[in-house]
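1. Build the 3D model from these lines:
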Amino acid sequence: MGNALWLIARRSFAEGWLRLAATLLVALGSIALIAGSLQFALRAQEAVSGSDASEYFRADVLVQGGTVDLDDPYAPSNGRIRMDRIAARPGVAAVAGDATVTVTAARPDGRAITASAEGRTLLRPWVPDPRLNPYRLEAGRSPTVEGEVAIVRHMSRAGKVKVGDTLTLTLPRQTQRVRISGIVSVQDRDAVASGDLVLAPPETVRRVAMLTPGTWQSVWVKAEPGVPAERLRGDLARALGGAATVRTAESVRRAQSAAAEGEGASIAGVIGMLASVAIFVGLFVVANTFGTLVRQRTRRLALLGAIGATPRQIRRLIRLEALVLGGVASAGGVAAGYPVSALITRLFARDGFDVSAAGAQFGWVALAVPAAAGILVTQAAAWRAARRAAGVSPVQALRSTVTETPERRWPRLLGTFAIFAGAGFWWAVAVAVRVGDPPGPDRTFGVSLMVVFGALFAVTGLAVLTPLFVRPLGGLVGRFGTLVGGETGRLAHATITRSPRRVSSAASSLMLGVALVASVALVTMSVHDRFRDAGREVIAAEHAITSTARTAEGAPAPLARDVAALAAGTPGVTRATALTQTEVKLVSPPSNRLEPDEEPEPFYFLVSGAEQAGLRDVLRLGGRPPALRPGQIALSSTVVKERGLRRGQEIVVRGAQGRVALTVAAVYHDPSHLFAEQALAAPATMDRLDANAATQAVLVRGGSPEDLKRAVAGVPGVRVLDRDAYVDAASSSLTRPLRATYSFVGMALLLALFGMATTVSMSVTERTREFGLLGAVGTTMRQIRSIVRWEAATVVVLGTILGLAIAMGTLTLLHVTTGSSFLRPDPPWWLFPLLAAGAATATLATSALPARRAAAIPVLEAAKAE
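-> Reported below is the predicted structural model:
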């Protein structure tokens, strides 16, 4: 019988190739989406953590002036060291001075070159000594004079620049044009673990870093032959005492590698969670479409039973077809996943997250997991369909139309209860995260992910319940159709209630599509509305000068500090305040929430600097903090609550310049989270924390946009915005996680709509015989198309109601569990009618052509249809 099953399977494929091709395309698209999402997550992890290239790989010892923050392996030292003190020591063969300055590099057309995933673009000195030089020239030559730079290969590829082209570097205090003299790689990699490098002559870097002649932030040391690095480290540490931190280069490389791996795992986890939505849609669509494919072959399967095929043989036949279909779709889907991943990579790169430094992944995870998912899902879909098919009575083969076998409700209700229990578990985890973690963006994002996971379970549970909703809803639609269309409405009511699973298959796909669109639309509008309202509440300035470039987080890149002086000299300007920012680490006091044996986690926060005189002319912060004097700091209420601090308390923070003691002078609140989210200080205090603190924007009161544009026309890469436009630009970094979902949700939506179209088309084709017999008894083509439209109306109503309920329920849960005012279930009145109209258009468009084709089939040909 095994050979006979194979022949039957071959004939099924040959006769039903059109239906199988449609199912195959859906499965291939689903697996391609799964493979592409997984491929992108792996590339992101590789881009962030996989680069083991280190600029220190030729050095043996690293001498850093003063002290360093051991919790941040990329942090610069807070002191200075003279290179001649190191060069003359015994056991030292070669030395090279080093300093790092964060810059923004822009192409000749003004577009910024985004650093490799989550990294920074650093200005560093070219190392002339070949014993220490880690840079291999791939093109051009080394920079030798002022105005020349060499760049890493990633910058050349990402920015599409080559040797001889001009770059614009935005430095902390000025903007400078430079020419590319060379392109380099580091250990055959396009970038290093910290990001991208711009290499300039040593004296150029020393001047930009504001270092005195002969001094550097750190010194690279090459040991003489036969001198172990650890012994040289000890000798130098004893000789220098507390004036420097001396570490082996190997230990620094290990620390950077560990930090990169942790960050890579975190990034991959976040992206993997975002990709899970696309993966879920893929699995959902495959299972739904394959179940429809098996269901519409009920007559053929019943005939097989009538001629002696056992239920076991029928189940084996369906599983065999599923295996072939899943194998072909998996092979094609894995191959198609690479262009899908490339598309996602380009979309993310446009938003500031560039993972192109990592190539395509060909490991077993990237290849085997999507293929196995495709085969397992088709087999899982076939298992349930095969059980149903094996139970079809041979008598059904003789019926002109196939009525679905009535099923017991309790197994479906029990399964739904179990699925909703899974949703409840994730929502309980969300509540636990809300209670246990301190307030902030990390907690909000974590809670939101748990709520989304629970919502995916809820979608699955509602899909299981959908057949139970069809009969009562079909009754309502049928009654309305009878009032409007008479006998046509009555026939439509009969076809809807006779096959609830057929209607629910299309409604489930539509429900998923509506839920995706509505959820993204609701969250996006809520977040943007809140940013707009809160931003208008805080910003009092009429204009803002900001960079046209963006950081890796999506926010405007830093400006040169001299832009503020240009704005202040513009006619009509009464106030021009530079808003600077730097990150510091809280050294003391320690958190008062630690358990006796618990190790304290390092706490970093952002300090915003602004001229205190006339600050209220440009910013209206909650709590009205007073004008701060040097040595004072104002903390946000969130930081004060999280760390248990109080007004008047002395704290010690560590910035780029070392440890600084400050007094908490005020507590305030920035409801917009855009200007001074965590801390505020005067410019003199900012200079003690970080002399090269990045200038985020220049806030301007008075003057006209035209005059301001003329004043800064000589500075490349800057723009003048009004207050609303600046709020939108400044909020970009905070809304990037939301924008990151667009590409995944967009492709998942296309797949869901394609799956719905395939399911609707197959369900109409399934009834070709039925429509032909209706035509034989006098039903017109117009009436047959009307029957299909009434059934489509049921799909629209059911799918739209359930999809909107999921979207609103998810947003309500997000608002309750996060407590965030940025996630409010307050949609505009026009959103739901617009979504319903879109759902109706999509459903009717996908059912119109199959209905027209089925109604036009001659009676005799329709009678032979399966």
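2. what about the residue lying closest to A53 once chain neighbours are set aside, neighbour count?
-> With Cβ to Cβ, 6 or more residues apart in numbering as the criterion, A53 has its nearest non-adjacent residue at 3.6 Å, and that residue is R189. Where C-beta positions appear, they are placed from N, C-alpha and C, glycine not excepted. Per other Cβ atoms under 10 Å, the neighbour tally for R189 reads 19.
3. Helix, strand, or coil at A237?
-> Following DSSP: H, G, I helix; E, B strand; the rest coil, A237 is assigned to helix.
4. next one: phi and psi at the residue lying closest to it once chain neighbours are set aside?
-> In space, A237 comes closest to V246 once its chain neighbours are excluded; the distance is 4.1 Å by Cβ to Cβ, 6+ apart. Phi and psi for V246, reported as degrees, to the nearest 10, are phi -120, psi 120.
5. Am I right that V246 is in contact with V63?
-> Yes. Proximity of V246 to V63 meets the contact threshold set by Cβ atoms under 8 Å, at 5.3 Å.
6. Touching both of the two, which residues are there?
-> L236, L240 (Cβ atoms under 8 Å, 6 or more residues apart in numbering).
7. follow-up on the earlier one: unless I'm mixing things up, the residue nearest to A53 is touching E55, no?
-> No. Judged on Cβ under 8 Å, R189 makes no contact with E55 at a distance of 10.7 Å.
8. Show me the beta-bridge partners of the residue nearest to A53.
-> Residues in a beta bridge with R189, per DSSP bridges, are V186.
9. For the remainder of this discussion, apply numbering that starts at 17.
-> Right, with 17 as the first residue, what we last looked at is R205.
10. Please report the distance of it from E266.
-> 18 Å (Cβ to Cβ, to the nearest Å).
11. Run through the neighbouring helices and strands of the lengthiest strand in the chain.
-> Longest strand in the chain by number of residues (criterion: DSSP state E): strand 589-604. Applying 3 or more Cβ pairs under 8 Å, 6 or more residues apart in numbering; DSSP states H and E, one finds that strand 589-604 contacts helix 579-584, strand 620-625, strand 666-671, helix 699-705, strand 710-718.
12. Show the average pLDDT along the last one.
-> Along strand 710-718, the predicted local confidence has a mean pLDDT of 92.
13. Just the helices from the stretch 167-316 of the chain, written as ranges.
-> Taking DSSP state H, counting those that start in this stretch, the helices of the stretch 167-316 of the chain run over residues 169-175, 218-224, 245-256, 265-311, 314-322.
14. Mean pLDDT lowest where, among those?
-> helix 314-322 (a mean of 68).
15. re the thing from before, from the neighbour counts alone, determine which of V262 and V79 ranks first.
-> Taking neighbours as other Cβ under 10 Å, V262 and V79 compare with V79 leading, 28 against 22.
16. shouldn't the more buried one be in contact with W232?
-> No. Using Cβ under 8 Å, V79 makes no contact with W232, being 9.2 Å away.
17. Next, show the common contact partners of those two.
-> Between them, V79 and W232 share the contacting residues I97, judged by Cβ under 8 Å, 6+ apart.
18. residues contacting the residue nearest to A253?
-> So V262 contacts V77, L78, V79, Q80, R249, L252, A253, L256 (Cβ under 8 Å, 6+ apart).
19. got any ranges where the stretch 617-766 of the chain has weak pLDDT?
-> Within the stretch 617-766 of the chain, the stretches with pLDDT under 70 are 752-753, 755-756, 760.
20. Now the nearest residue to R546 once chain neighbours are set aside, what are its backbone angles?
-> Of all residues not flanking R546 in the chain, F838 sits nearest, at 4.4 Å (Cβ to Cβ, 6+ apart). Dihedral angles of F838 (phi, psi; degrees, to the nearest 10) stand at phi -80, psi -10.
21. The one 5 residues further on now?
-> Phi and psi for P843, reported as degrees, to the nearest 10, are phi -70, psi 150.
22. just checking, it touches L538?
-> Yes. With contacts counted by Cβ under 8 Å, P843 reaches L538, the gap being 5.6 Å.
23. any common contacting residues for these two?
-> Residues touching both P843 and L538 (Cβ under 8 Å, 6+ apart) are M824.
24. Among the two, which residue is more densely surrounded?
-> Taking other Cβ under 10 Å, P843 and L538 do not tie; L538 has more neighbours (24 against 18).
25. Now for the more buried one, which secondary structure element holds it?
-> For L538, the host element (DSSP states H and E) is helix 516-554.
26. Show me how far that helix is from its chain's centre.
-> Centre-to-centre, helix 516-554 and its host chain are 17 Å apart (Cα atoms, centre = their mean, to the nearest Å).
27. C-terminal to that helix, what's the next element?
-> strand 559-563.
28. List just the one of the helices and strands packed on strand 589-604 that sits closest to P516.
-> strand 620-625 (56.1 Å; Cβ to Cβ).
29. list the buried ones in the closest one?
-> Judged by neighbour count using 16 or more other Cβ atoms under 10 Å, the buried positions of strand 620-625 are F621, V623, S624, G625.
30. Could you pull up the contacting residues of the second one?
-> Right, the one you point to is V623. Counted by Cβ under 8 Å, 6+ apart, V623 has contacts 597-600, 649, 669, 671, 694-697, 702, 705.
31. quick one: it from R675, how far?
-> Counting by Cβ to Cβ, the gap from V623 to R675 is 14 Å.
32. what sits against A474?
-> Taking Cβ under 8 Å, 6+ apart as the test, what A474 contacts is I435, F436, A439, I822, G825.
33. burial count for the fourth one?
-> When you say that, I think you mean I822. Per other Cβ under 10 Å, the neighbour tally for I822 reads 22.
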